[in-house]
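Q: model this:
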Amino acid sequence: MKPVSTVHGRAIPFGRKNVDTDIIIPAAYLKTVSREGLGAGAFETVRAEEGNVFDDPEYAGGSILIAGDNFGCGSSREHAAWALLDLGITAVIAPSFSDIFSGNAFKNGILAVELPREAVDRLMEVAKTDPITIDLENQVVTTPFQDRFAFPLDPFRKHCLMAGLDEIGLTMKSEAAIAAYENKIAAERPWLAP
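A: The predicted structure follows:
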């Protein structure tokens, strides 16, 4: 997982409320176990709408998605986080997130920033013309217009995102302790050793 400290650039002003994981990535794309290529199916139903923000060249390459309340509700599809990453989105800003989506986003290196509705509304306006910056270390979202919105984040999640540690990376940090334990058990209980 790539470390995240700052996310800067154009934001996609999506803003819809109650966007479930079926909207993020439809069920037809769940047959794959690969993380690659899911961006093509991301927001398929929204992209079928005339003038949608995902196909607007103005927001091409946007790394930040601004959404409405309860983003990522619905089923526990990790594919939703994979699809966002494949689109190039590394941060989502919304007033609230589904707990399952928030967990999946974190485990895949996506920063989920929760801000009050007024702040999200302001960022939606700024995103139409200017870039946005998310500073994870200082836990603040800023704009070129001196807007400054602080956001809360669990310290453990912040540490993992900044260090680029997923569950495997966290386990690998304890490799020496795991090996020492396995050696101890093998010496104490040789009948358990392979």
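Q: could you use CA atoms for every contact and neighbour count after this?
A: OK.
Q: return the residues in contact with G74.
A: 20-22, 98 (Cα atoms under 8 Å, 6 or more residues apart in numbering).
Q: now for the protein, the helix or strand with the poorest mean pLDDT.
A: In the chain, the helix or strand scored least confidently by mean pLDDT, DSSP states H and E is helix 167-173, which has a mean of 88.
Q: can you list contacts of that helix?
A: Contacts of helix 167-173 (Cα under 8 Å, 6+ apart): K107.
Q: how about that helix: buried residues?
A: When neighbours are counted by 16 or more other Cα atoms under 10 Å, no buried residue of helix 167-173 is found.
Q: tell me the domain ranges of this protein?
A: 6-163, 166-194 (automatic domain parsing).
Q: can you give me the helices in this structure?
A: In the chain, the helices defined using DSSP state H lie at 21-24, 44-47, 78-87, 99-107, 117-127, 155-163, 167-173, 175-188.
Q: make a markdown table from the ones you listed and add distance to I12 to it.
A: Below are the helices of the chain laid out as a markdown table (distance: least, Cα to Cα, whole Å):
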| stretch | distance to I12 |
| --- | --- |
| helix 21-24 | 14 |
| helix 44-47 | 13 |
| helix 78-87 | 11 |
| helix 99-107 | 17 |
| helix 117-127 | 7 |
| helix 155-163 | 22 |
| helix 167-173 | 29 |
| helix 175-188 | 40 |
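Q: out of those, which comes closest to E36?
A: E36 lies closest, by Cα to Cα, to one member of these: helix 78-87, at 6.3 Å.
Q: avg pLDDT for the closest one?
A: Mean pLDDT, computed over helix 78-87, is 95.
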